[in-house]
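J.: Generate a structure from the sequence data that follows.
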Amino acid sequence: MKSVVRSNWKTAVLVCRKCSKKVDGGFGPKGNQPLAKALKKHLSLKKGRKGDAGILEVSCLGICPKGAVTVVNGASSRDWLLVRPGADLDALSVELGLIATGG
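T.: Numbering: from 1, shown residues only. Presented below is the predicted three-dimensional model:
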């Protein structure tokens, strides 16, 4: 029986599902997608373990900010982000370490 399963992920980003429901979308080009879905689409990540990163919705991270979504980068779990609807997904991707900055 196999006890290890590998992925291509460099990091796993945890997005609070409860926060996402409270802000009722607010992300993506039209501002109508949950943050996790908008971020996956924005970065064109492959599904499942084949992607460069995993963006996972989790039940509740216990912060519960008003008008924002709590996000944690598993590779840098000391600093949690509170992301407001309409946030710049390029800037957020850089801050989470999902894409490198230019120059």
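
J.: In contact with residue 41, which residues?
T.: 28, 33 (C-beta atoms under 8 Å, 6 or more residues apart in numbering). Using the backbone N, CA and C atoms, a C-beta is placed for each residue, glycine as well.

J.: pLDDT averaged over the host helix or strand of it - what is it?
T.: Using DSSP states H and E, residue 41 sits in helix 35-43. Mean pLDDT, computed over helix 35-43, is 95.

J.: what comes up buried for that helix?
T.: By 16 or more other C-beta atoms under 10 Å, the buried positions in helix 35-43 come out as 35-40, 42-43.

J.: Switch these over to a markdown table; also include distance to residue 86.
T.: A markdown table is the format used below for the buried residues of helix 35-43 (distance: C-beta to C-beta, whole Å):
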| residue | distance to residue 86 |
| --- | --- |
| 35 | 11 |
| 36 | 16 |
| 37 | 15 |
| 38 | 11 |
| 39 | 14 |
| 40 | 18 |
| 42 | 13 |
| 43 | 18 |
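
J.: Any idea how many residues pack against residue 9?
T.: Counted with other C-beta atoms under 10 Å, the neighbours of residue 9 add up to 18.

J.: quick one: secondary structure of it?
T.: Using DSSP: H, G, I helix; E, B strand; the rest coil, the structure places residue 9 in coil.

J.: Now do it against residue 15, distance only.
T.: Here the criterion is C-beta to C-beta, to the nearest Å. By it, residue 9 lies 15 Å from residue 15.

J.: quick one, strands of this structure?
T.: Assigned by DSSP state E, the chain shows strands spanning 12-16, 54-58, 69-73, 80-83.

J.: Please convert those strands to TSV, extending it with distance to residue 3, mean neighbour count and mean pLDDT.
T.: Putting the strands of the chain into TSV (distance: least, C-beta to C-beta, whole Å; neighbours: other C-beta atoms under 10 Å; pLDDT from 0 to 100) gives the following:
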stretch	distance to residue 3	mean neighbour count	mean pLDDT
strand 12-16	19	22	97
strand 54-58	20	17	96
strand 69-73	26	23	97
strand 80-83	31	18	97
